[in-house]
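Q: Pasted the sequence and its predicted model underneath.
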Amino acid sequence: MHISVSALLGFLLGVFLFISAIILNTNNLLMFFSLSSFLMVVGGTLASAMISYEGRNVLLAIKEIGYALVASKVNPVTFYKDVGTLIDWSQIARQEGVIKLEQAISIPSGELNFLKQSYTYLVNGYSGNKLKSLMLHQQQYIYERNMVQAKVLLTMASAAPAFGMVGTLVGLIIMLNHMEGDYSQMGSGLAIALLTTLYGVLLAQIVLKPAARKVEQKQDLEFYRNQILIEGLTLLSEGASPFVIEDAMNAYIEPKYQFSRTKR
Amino acid sequence: MHISVSALLGFLLGVFLFISAIILNTNNLLMFFSLSSFLMVVGGTLASAMISYEGRNVLLAIKEIGYALVASKVNPVTFYKDVGTLIDWSQIARQEGVIKLEQAISIPSGELNFLKQSYTYLVNGYSGNKLKSLMLHQQQYIYERNMVQAKVLLTMASAAPAFGMVGTLVGLIIMLNHMEGDYSQMGSGLAIALLTTLYGVLLAQIVLKPAARKVEQKQDLEFYRNQILIEGLTLLSEGASPFVIEDAMNAYIEPKYQFSRTKR
Amino acid sequence: MHISVSALLGFLLGVFLFISAIILNTNNLLMFFSLSSFLMVVGGTLASAMISYEGRNVLLAIKEIGYALVASKVNPVTFYKDVGTLIDWSQIARQEGVIKLEQAISIPSGELNFLKQSYTYLVNGYSGNKLKSLMLHQQQYIYERNMVQAKVLLTMASAAPAFGMVGTLVGLIIMLNHMEGDYSQMGSGLAIALLTTLYGVLLAQIVLKPAARKVEQKQDLEFYRNQILIEGLTLLSEGASPFVIEDAMNAYIEPKYQFSRTKR
Amino acid sequence: MHISVSALLGFLLGVFLFISAIILNTNNLLMFFSLSSFLMVVGGTLASAMISYEGRNVLLAIKEIGYALVASKVNPVTFYKDVGTLIDWSQIARQEGVIKLEQAISIPSGELNFLKQSYTYLVNGYSGNKLKSLMLHQQQYIYERNMVQAKVLLTMASAAPAFGMVGTLVGLIIMLNHMEGDYSQMGSGLAIALLTTLYGVLLAQIVLKPAARKVEQKQDLEFYRNQILIEGLTLLSEGASPFVIEDAMNAYIEPKYQFSRTKR
Amino acid sequence: MHISVSALLGFLLGVFLFISAIILNTNNLLMFFSLSSFLMVVGGTLASAMISYEGRNVLLAIKEIGYALVASKVNPVTFYKDVGTLIDWSQIARQEGVIKLEQAISIPSGELNFLKQSYTYLVNGYSGNKLKSLMLHQQQYIYERNMVQAKVLLTMASAAPAFGMVGTLVGLIIMLNHMEGDYSQMGSGLAIALLTTLYGVLLAQIVLKPAARKVEQKQDLEFYRNQILIEGLTLLSEGASPFVIEDAMNAYIEPKYQFSRTKR
């Protein structure tokens, strides 16, 4: 687990440009902080998410916000290694039978659940279309289960500006009720009321939407990796040659990351 | 039927943060209550829903608002039990024939209609693809019938802010007509006019949208459970072994909730 | 054709709450009527619809607005009767042959075109997959043809608030040009300008959107009914037993409306 | 190619109601014309479309705006004729063989490309599923190619209000910079700034969106007609009887426009 | 790689109309430039994109903005040539066998990766459905990989106006805090605040959305070309005659660009 350099750089650059732009116009940054505005936007967004989804999923979604700056574990190099692994397995399976795989290979504990369980199906004797159908069901429901976090984050991203607007309405109503025909304080009252809208939009655009998109990408990549594994494992279970497995799995991979038995 | 602790907590936390944020700015909460604003938003939203949908569905949808704080009956533990149940059935069916199932088993009355009716098809002698097709039709139409409530709630959630805006327009028009060039009362008039917009947005974001999402999740989960049951019952009707049924149903379930005959 | 009580009730309740809310704030309801605002919103919306769609479809769509308060002809009781009808037919067909159906049965003239035409195919000797494919084509294109009215209404529902805004812009431009630095008349000018926005939003939310949703529901229900009929007629044409037809058709129907030969 | 009476009527009615509504409020229509506002909205919308799409497609899309008032060439009567044509062909094909079709029939030059090319495939000896697959590919890609114009128009329809808003912002910025604390000219400055928003919304609602919808409908209708032809030609190539071709093609057609060999 | 004349023309025309419209109203263009507004909109948009997507994809997306004015490499003439190429190949393959293709043909280095890799599969001995399935996987994943850039650009296009609004809120808050009941400077303060909204909308409408649409079109065209190649290569691998390959590939192509062996 290492930090994604580009995400961090983007984040810092954006914050830097943003703060500079404000400092070019005022030297009083304090006017942009307001506890009550913060409470209203964050409180409303959280409440809306917790009523909409189960608490467990909301916690997982909030955790994903932190992971938005972390690079994904699955990347083109992973695909390269996967093809190599399945080719090694296929050679053992062809020479000594699928049953021998269990003695020859141990999957590292940090590995994906999908590979582990598919491997179990394989050594339990499933093959061909039956194996493929079990793996496709797994792949689909892993994807759907993990996508709930992206949905929670998108729900929060659409709620945050709405609660920003709610806060501004509340601020306006208070200000308008208190001023009684005296317009001299309208300026600062309006400024405070607008802060919640600012908070809501920033929370959605800088934090919640990017985190949701990161989750979507991670899940798409994992779905895609599992697709390549399904292709390879199905062929392996049918006793296909390493060349055929290599060609079938490479069809999903960018030319420069494709596995080549000769170059190995 | 027990309360969903996280939903209640979320609701209370949100309301608490929200009220605190208001109290930080004013000690006159009364200005946020207005009968005419309430009547306009709720009346308009209700009228729009009742013209759009049949009265029966609108009532069911309103009932679902109350259930938003109730935990779902279907959860990963249910899946665990379902696999166990079907494995027990499959052993009876293999030893004594599907017909004997009827004498050996009684489905508790609180159970899902889907399981009951599928069971009836099974003991009536349907098997394999014919049984699967009957169950798939049932699953799909149960889902579609129950999703109407989510649609009603989403319709209301999009109508509420629109009627909030209608109320604000009505308030503005009254205020502008009455003031005749005298701007001193504009403040409080505007404050009252903005209240309906506030009501409309809050009703949509805190009540209607979360309730709609809860209905969607409950129906997705039930659809998903029925999918697992269809997989198991089809294999059972074809006389598959308990091991095969276990593997096929487990493919849909998270690793930590998977059924394991050996651990039982 | 009888009035849908709940739709009428909803409509009256909504109007009542709405008018009461206005009367609580002013006793001069006249300020909410303006011929020019009405002409602008209705004229623009109509023009936009008539350029977008064929005149024939726009007229049918406007007619559907009136039907929004009428209860649908197809309901769960219809499904119950349909199953009974097909079971009767299947008994005649099995005892005397499909050809005899023509002499034994006459379809009432008020019936759905779909049933009539499918019946003609049946007695003309089509059966099994050929019959099913003809009926599926019919079902799909009846649905698509009738859904055009819902599309027209939705187009109008999205045009109405836009023309409301156009009217407000026109009103503002006239007012701003006439006032020449004299702000005393701004209030009433603004009030009149806002009326068109109010009209546009109300027209969309109370009339056009609900009517569009009613059309969608009616067509969904008819599509659904035809689905049940297709299932039954296909089995009938293949000489299936009444029990099989009953089970297959019941799979689409809510438990409490399911047909039961024994209870009949 | 004749004018669609209802579209023209709708257009004139809409314009008439609209102009009357304005004249009820002011006798100075000149205030609604501004060259710079017009240049900004049309210029921006055009530029956006020409960068987004190839010049050829933008020109075709603009041409389609003119055709919005022209009635479609394909209508229910066309379907009626198509069934008759294919039945005539099928009789020749059955009696003298498909090859003789070429001598007996000449397709008028004004006809659809789809029919011409499908006919060529037929006389070249393709039949059954091979013929159907060639025709389905053609049908799909004719549809996709022609739908690009609808996409261009929808892109322009979403750009026009955005450039209207851009123009208003530009107008506001100029006005606010020039007034230097003197509010007496704010009225007319604001009026001019709002004109571009008015132009943008009207351009989108009266011209671009209706034209896009007309293109969509024309293409849907052509796709639908080709579907009926595919059904008929496939059966013809398999040597089906005229009765079977009639029934299969009629399944797509409204009862009152259905072809009937006996009534002919 | 040559410039797309229509795109450049559209761009220049749009800019020209736009600038003229501004010059008609003011001779002080300087008021439309503000460093801090520019930093805020561009900084926010970039930061949001870099947190949402991997740095590599954001760079590729920004590069695509430059290519928006470049004509696509794939066009109807390319399709014409592709059919000719495959017909030549099919003649060699039929006369001398697929293996001889490798000696007789060399694919130019500037060619598409898809054609190269499919060719490799072909000479490696894959044919019929196996070849087709490998090529379909490739086609789909090339498309999905390249569409990420369009997604990045659309994300930025939706973020830009949001950050424009953020900038305006920041400007308003600063202005309202500084004025303390003195409204004389409100005009210019408001003008500066509105600049960021203007920048945000222009960035989205003139730069980001058109670039995203160009990427989509280029990828759709490449997908479409690969579809035609898959059709031809599959038939070639099955030993089909040049006439059959020509007919099958032409079914996807507009009549006037269709290949004709006789006209060659």
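A: Perfect, I can see it now. Residues are numbered from 1 along each chain as shown, chains lettered A, B, ... in the order given.
Q: any idea how far the closest residue to chain B within the stretch 51-200 of chain A lies from D:Gly187?
A: In the stretch 51-200 of chain A, the residue that lies nearest chain B is A:Gly55 (2.4 Å; C-beta to the nearest C-beta). For glycine as for every other residue, the C-beta is placed from the backbone atoms N, C-alpha and C. As judged by C-beta to C-beta, to the nearest Å, A:Gly55 and D:Gly187 stand 55 Å apart.
Q: mind showing which ranges of the stretch 51-200 of chain A have poor pLDDT?
A: Within the stretch 51-200 of chain A, the segments meeting pLDDT under 70 span A:108-111, A:180-185.
Q: quick one: the helices in it?
A: Using DSSP state H, counting those that start in this stretch, the helices of the stretch 51-200 of chain A run over residues A:55-67, A:76-96, A:98-104, A:113-123, A:128-179, A:186-202.
Q: And these: which comes nearest chain D?
A: Closest among the helices of the stretch 51-200 of chain A, using C-beta to the nearest C-beta: helix A:186-202, at 15.3 Å.
Q: Please save the CA atoms from that closest one in CSV.
A: These are the backbone C-alpha positions of helix A:186-202, laid out as CSV (Å, rounded to 0.1, in the frame of the first residue of the first chain):
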residue,chain,number,x,y,z
MET,A,186,-27.0,42.7,5.5
GLY,A,187,-23.5,42.3,4.0
SER,A,188,-21.9,40.2,6.7
GLY,A,189,-25.1,38.2,7.4
LEU,A,190,-25.2,37.3,3.7
ALA,A,191,-21.5,36.4,3.8
ILE,A,192,-22.1,33.9,6.6
ALA,A,193,-25.2,32.4,5.0
LEU,A,194,-23.2,31.8,1.8
LEU,A,195,-20.5,29.9,3.6
THR,A,196,-22.6,26.7,3.9
THR,A,197,-23.2,26.7,0.2
LEU,A,198,-19.4,27.0,-0.3
TYR,A,199,-18.8,24.2,2.1
GLY,A,200,-21.4,21.9,0.5
VAL,A,201,-20.0,22.4,-3.0
LEU,A,202,-16.4,22.0,-1.9
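Q: do that helix and chain D meet?
A: No - figure legend: helix A:186-202 not in contact with chain D (C-beta under 8 Å from any C-beta of the partner chain); closest approach 15.3 Å.
Q: what's the angle between that helix and helix B:186-202?
A: If you take axes from the mean of the first three to the mean of the last three C-alpha atoms, to 10 degrees, helix A:186-202 sits at 10 degrees to helix B:186-202.
Q: rewinding a little: what distance do you get for the residue nearest to the residue of the stretch 51-200 of chain A closest to chain B when sequence neighbours are not counted to chain E?
A: Leaving aside its chain neighbours, A:Gly55 sits nearest to B:Ser6 (2.4 Å; criterion: C-beta to C-beta, 6 or more residues apart in numbering or on different chains). Distance of B:Ser6 to chain E, given as C-beta to the nearest C-beta, to the nearest Å: 28 Å.
Q: Would you mark the buried spots in whichever strand or helix holds B:Ser6?
A: Following DSSP states H and E, one finds B:Ser6 within helix B:5-23. For helix B:5-23, the buried set under the neighbour-count rule, 16 or more other C-beta atoms under 10 Å in any protein chain shown, comprises B:Ser6, B:Ala7, B:Leu8, B:Gly10, B:Phe11, B:Gly14, B:Leu17, B:Phe18, B:Ala21, B:Ile22.
Q: Could you export those to JSON lines, including columns for pLDDT?
A: Shown next, in JSON lines, are the buried residues of helix B:5-23 (pLDDT from 0 to 100):
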{"residue": "B:Ser6", "pLDDT": "77"}
{"residue": "B:Ala7", "pLDDT": "79"}
{"residue": "B:Leu8", "pLDDT": "84"}
{"residue": "B:Gly10", "pLDDT": "79"}
{"residue": "B:Phe11", "pLDDT": "78"}
{"residue": "B:Gly14", "pLDDT": "77"}
{"residue": "B:Leu17", "pLDDT": "80"}
{"residue": "B:Phe18", "pLDDT": "77"}
{"residue": "B:Ala21", "pLDDT": "79"}
{"residue": "B:Ile22", "pLDDT": "81"}
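Q: Out of these, flag the one nearest to chain E.
A: Chain E lies nearest to B:Ala21 out of these, by C-beta to the nearest C-beta, at 17.9 Å.
Q: Was I right to think that closest one contacts A:Gly167?
A: Yes - between B:Ala21 and A:Gly167 there is a contact at 7.3 Å, judged by C-beta atoms under 8 Å.
Q: where do the contact lists of the two overlap?
A: Common contacts of B:Ala21 and A:Gly167 (C-beta atoms under 8 Å, 6 or more residues apart in numbering or on different chains): A:Ser37, A:Met40.
Q: For the residue nearest to A:Ile87 when sequence neighbours are not counted, give its distance to A:Gln91.
A: Nearest residue to A:Ile87, sequence neighbours excluded (C-beta to C-beta, 6+ apart): A:Pro242, at 4.7 Å. Counting by C-beta to C-beta, the gap between A:Pro242 and A:Gln91 amounts to 6 Å.
Q: More neighbours: these two, which one.
A: A:Pro242 (18 against 14; other C-beta atoms under 10 Å in any protein chain shown).
Q: what sits against the residue nearest the centre of chain A?
A: Geometric centre of chain A, nearest residue: A:Val215, 1.2 Å, by C-alpha atoms, centre = their mean. A:Val215 sits next to A:Ala61, A:Glu64, A:Asn146, A:Met147, A:Gln149, A:Ala150, A:Leu153 when contact means C-beta under 8 Å, 6+ apart.
Q: By neighbour count, which of these wins?
A: Taking other C-beta under 10 Å as the neighbour criterion, A:Leu153 ranks highest of these with 28 neighbours.
Q: do you know how far the closest residue to that one other than its chain neighbours is from D:Ala49?
A: In space, and not counting its chain neighbours, A:Leu153 is closest to A:Ala212: 3.7 Å by C-beta to C-beta, 6+ apart. Separation of A:Ala212 from D:Ala49 (C-beta to C-beta) stands at 31 Å.
Q: same check, this time on A:Ser37
A: From A:Ser37 to D:Ala49 the distance is 41 Å (C-beta to C-beta).
Q: Could you report the neighbour count for the nearest residue to A:Gly239 once chain neighbours are set aside?
A: Nearest-residue entry for A:Gly239: A:Arg94, 6.4 Å, with adjacent residues in sequence omitted and distances by C-beta to C-beta, 6+ apart. Number of residues near A:Arg94 (other C-beta under 10 Å) recorded here: 14.
Q: Check A:Leu198 too.
A: Counted by other C-beta under 10 Å, the residues lying close to A:Leu198 total 23.
Q: Enumerate every residue touching it.
A: A:Leu198 is in contact with A:Phe32, A:Gly164, E:Val166, E:Leu169, E:Val170, E:Ile173, counting by C-beta under 8 Å, 6+ apart.
Q: Give me the distance between it and A:Ser36.
A: With distances taken as C-beta to C-beta, A:Leu198 is found 14 Å from A:Ser36.
Q: Likewise for A:Phe79?
A: A:Phe79 is 50 Å from A:Ser36, by C-beta to C-beta.
Q: out of the two, which sits in the more crowded spot?
A: More crowded of A:Phe79 and A:Ser36, by other C-beta under 10 Å: A:Phe79, with 23 against 20.
Q: where does the nearest residue to the more buried one once chain neighbours are set aside fall, phi/psi-wise?
A: Nearest non-adjacent residue to A:Phe79, counting by C-beta to C-beta, 6+ apart: A:Ile253, 5.1 Å away. For A:Ile253, the backbone dihedrals (degrees, to the nearest 10) come out as phi -110, psi 150.
Q: where's A:Ile253 relative to B:Phe79, distance?
A: 35 Å.
Q: Could you do A:Asn113 as well?
A: Separation of A:Asn113 from B:Phe79 (C-beta to C-beta) stands at 16 Å.
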